[in-house]
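Student: Please work out how this folds:
(one chain, ligands or ions: 1)
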Amino acid sequence: MLHLVYTSSKIHDFVHMLSTRIARGASQRFVRSQCRSFSSSKPAFIEPKAAEIKKLGVIGAGQMGLGIALVASRVAGVPVTVVDNSQKSLDKGLAFADKLLAKDVTKQKLSQSDADAARARLTATTNIEDLHDVDMVIEAVPEIVDLKKSIFANLAKIAPSHAILATNTSSISITLIAAATTSDPTDTSASSRVVSTHFMNPVPVQKGVEIISGLQTSQETLATAVEFCKRMGKIPSVSADVPGFLANRILMPYINEAIICLETGIGEVKDIDDIMKNGTNVPMGPLQLADFIGLDTCLSIMNVLHTQLGDSKYRPSTRLRQMVDAGWLGKKSGRGFYTY
Ligand SMILES: NC(=O)c1ccc[n+]([C@@H]2O[C@H](COP(=O)([O-])OP(=O)(O)OC[C@H]3O[C@@H](n4cnc5c(N)ncnc54)[C@H](O)[C@@H]3O)[C@@H](O)[C@H]2O)c1
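Tutor: This next block holds a predicted model:
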């Protein structure tokens with residue numbers, strides 16, 4: 001009966017989700033066994049072998065890219081080439097890395113020589129062609145579909161033919177990003193190496209990472225992404241390639257609802273954050289968390305959920321749009337729901 005009231009876009013989403021799940025069933029079983037969730041069940045097929053990552057590239061030296069680069073260098077111990085088209089962002093990012101390393105040395109979490117070695121493994125460049133010798137690239141540029149597509153089209157030409165091409169997208173379809181690597185969809189030589197490693201913010205602190213395959217992603221690519229995230233000290237969770245994946249499908253409507261509570265006068269900023277902090281035992285309330293994530297990022301994700309799932313419950317709040325229009329993007333711009 002329920003089928004009768006489904007809109008065509010919902011049917012499309014459901015069919016897409018189902019086909020994605022069927023295609024990815026085997027790889028998900030493999031990854032789950034890697035994640036030890038189903039450690040007692042025996043895989044019924046030969047497990048794909050994860051490739052070793054000896055050198056990493058990161059595109060985007062913003063809060064996520066820099067965090068990924070630093071953890072890869074410090075914990076996984078690999079050399080990392082960080083690419084950004086803005087020298088200012090690179091300088092700011094590396095200064096932040098210096099600050100984080102110095103803080104950990106002061107707190108005796110890290111020796112000075114290990115901090116120096118981790119820093120020495122980071123190389124910054126504005127030239128994307130410097131990624132010609134990496135085994136894996138993790139892209140962390142702003143959440144703009146056309147920007148990500150052009151970067152992956154470029155990466156298919158620049159990166160070595162074995163390199164894993166990962167995106168840190170919060171909401172864009174991995175299948176869509178992978179398709180941008182070729183003009184011939186039947187040629188999966190590059191698209192089979194595209195995967196998402198969706199790290200959580202702040203990367204040096206949060207253990208969680210979502211791993212998402214597109215329809216084209218090979219099992220070896222998935223296995224390599226899982227293995228490398230584990231080398232970075234993270235705990236991978238597998239999600240289907242659907243809007244918002246797991247984390248943002250749950251988190252963003254929560255943040256959006258908190259902003260609606262503010263704009264409709266149900267509570268003030270402090271009351272909203274205090275009740276969630278003290279009532280659900282989370283380290284920060286939803287509005288502070290939104291500032292921390294970046295309000296432009298929150299708006300982009302809500303727009304994707306709203307457009308792609310076609311359900312009005314995902315409509316971005318007016319106040320969120322206004323804050324972004326004003327350039328009050330949260331911590332990174334000095335003003336959001338709080339001032340910094
Ligand atoms: N902020 C979060 O909490 C969070 C969490 C998980 C995932 N993400 C995702 O991670 C990605 C990056 O987010 P962020 O918050 O780090 O963004 P950010 O705005 O802090 O950083 C983006 C960086 O990319 C650079 N950049 C822009 N265009 C570029 C190009 N063509 N080539 C190279 N560099 C370019 C910018 O100069 C900037 O330094 C987005 O896809 C976002 O959705 C963000």
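
Student: CA atoms for contacts and neighbours, from now on please.
Tutor: Noted.

Student: For the residue of the stretch 201-340 of the chain found nearest the ligand, list the residues it contacts.
Tutor: With Cα to the nearest ligand atom, the shortest gap between the stretch 201-340 of the chain and the ligand falls at Ile293, namely 3.6 Å. If you count contacts by Cα atoms under 8 Å, 6 or more residues apart in numbering, Ile293 has them with Asn201, Gly330.

Student: Settle this for me: Lys331 is touching Tyr340, isn't it.
Tutor: Yes. If you go by Cα atoms under 8 Å, Lys331 and Tyr340 touch, sitting 6.1 Å apart.

Student: Same drill for those two, tell me which one is more crowded.
Tutor: Remark: of Lys331 and Tyr340, Lys331 carries more neighbours, 20 against 11, as counted by other Cα atoms under 10 Å.

Student: which residues touch the more buried one?
Tutor: Contacts of Lys331 (Cα under 8 Å, 6+ apart): Asp291, Phe292, Gly294, Tyr338, Thr339, Tyr340.

Student: Quick one: which of those is the most crowded by neighbours?
Tutor: Asp291 leads those on contacts (other Cα under 10 Å) with 25 neighbours.

Student: just how off-centre is the helix or strand hosting Ile250 within its chain?
Tutor: Assigned by DSSP states H and E, Ile250 belongs to helix 247-263. How far helix 247-263 lies from its chain's middle: 18 Å, per Cα atoms, centre = their mean, to the nearest Å.

Student: which residues are contacting that helix?
Tutor: Counting by Cα under 8 Å, 6+ apart, residues outside helix 247-263 touching it are 170-171, 210, 243, 267-269, 272, 286-287, 290, 298, 301-302, 305, 314, 316-320.

Student: is it possible to export the contacts of Lys331 to JSON lines including secondary structure?
Tutor: As requested, the contacts of Lys331 are exported to JSON lines (DSSP: H, G, I helix; E, B strand; the rest coil):
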{"residue": "Asp291", "secondary structure": "helix"}
{"residue": "Phe292", "secondary structure": "helix"}
{"residue": "Gly294", "secondary structure": "coil"}
{"residue": "Tyr338", "secondary structure": "coil"}
{"residue": "Thr339", "secondary structure": "strand"}
{"residue": "Tyr340", "secondary structure": "coil"}
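
Student: which among the residues you listed gets closest to Ala124?
Tutor: Gly294 (23.8 Å; Cα to Cα).

Student: Go ahead and confirm the closest one touches Leu329.
Tutor: Yes. The criterion here is Cα under 8 Å, and Gly294 meets it with Leu329 at 5.4 Å.

Student: out of everything not next to it in sequence, what's closest to Asp98?
Tutor: With Cα to Cα, 6 or more residues apart in numbering as the criterion, Asp98 has its nearest non-adjacent residue at 7.4 Å, and that residue is Arg119.

Student: Look at that neighbour and say how many residues are nearby.
Tutor: Every residue meeting other Cα under 10 Å relative to Arg119 is counted, giving 19.

Student: which ones are touching it?
Tutor: By Cα under 8 Å, 6+ apart, the neighbours of Arg119 are Leu70, Ser73, Arg74, Ala97, Asp98.

Student: Where strands are concerned, which of those residues count?
Tutor: Within the contacts of Arg119, no residue falls in strands by DSSP state E.

Student: which of those are close to the ligand?
Tutor: Filtering the contacts of Arg119 for proximity to the ligand by Cα under 6 Å from any ligand atom leaves nothing.

Student: Inside helices: which ones of those residues?
Tutor: Secondary structure from DSSP state H places Leu70, Ala97, Asp98 of these in helices.

Student: The second one touches Leu70, doesn't it?
Tutor: Yes. In this structure, Ala97 is within contact of Leu70 by Cα under 8 Å, at 6.7 Å.

Student: the more surrounded of these two?
Tutor: Taking other Cα under 10 Å, Ala97 and Leu70 do not tie; Leu70 has more neighbours (31 against 20).

Student: A strand includes Ala61, no?
Tutor: No. Ala61 is assigned coil when assessed by three-state DSSP, not a strand.

Student: For it, give me its contacts.
Tutor: Ala61 touches Val82, Val83, Asp84, Ser89, Leu90, Gly93, Ala140, Val141, counting by Cα under 8 Å, 6+ apart.

Student: how about a cut-off of 10 Å?
Tutor: 67-69, 82-94, 124, 139-141 (Cα atoms under 10 Å, 6 or more residues apart in numbering).

Student: again with Ala124
Tutor: Ala124 neighbours (Cα under 10 Å, 6+ apart): 57-58, 61, 80-84, 87, 90-91, 93-94, 130.

Student: what number of residues lie near the residue nearest to Arg121 when sequence neighbours are not counted?
Tutor: The spatially closest residue to Arg121, leaving aside those adjacent along the chain, is Pro79, at 4.5 Å (Cα to Cα, 6+ apart). Pro79 has 24 neighbouring residues, counting by other Cα under 10 Å.

Student: Equivalent analysis for Asp116, please.
Tutor: 14.

Student: can you tell me which of the contacts of Arg119 lies nearest to Thr197?
Tutor: For the contacts of Arg119, the nearest to Thr197 is Leu70 (15.4 Å; Cα to Cα).
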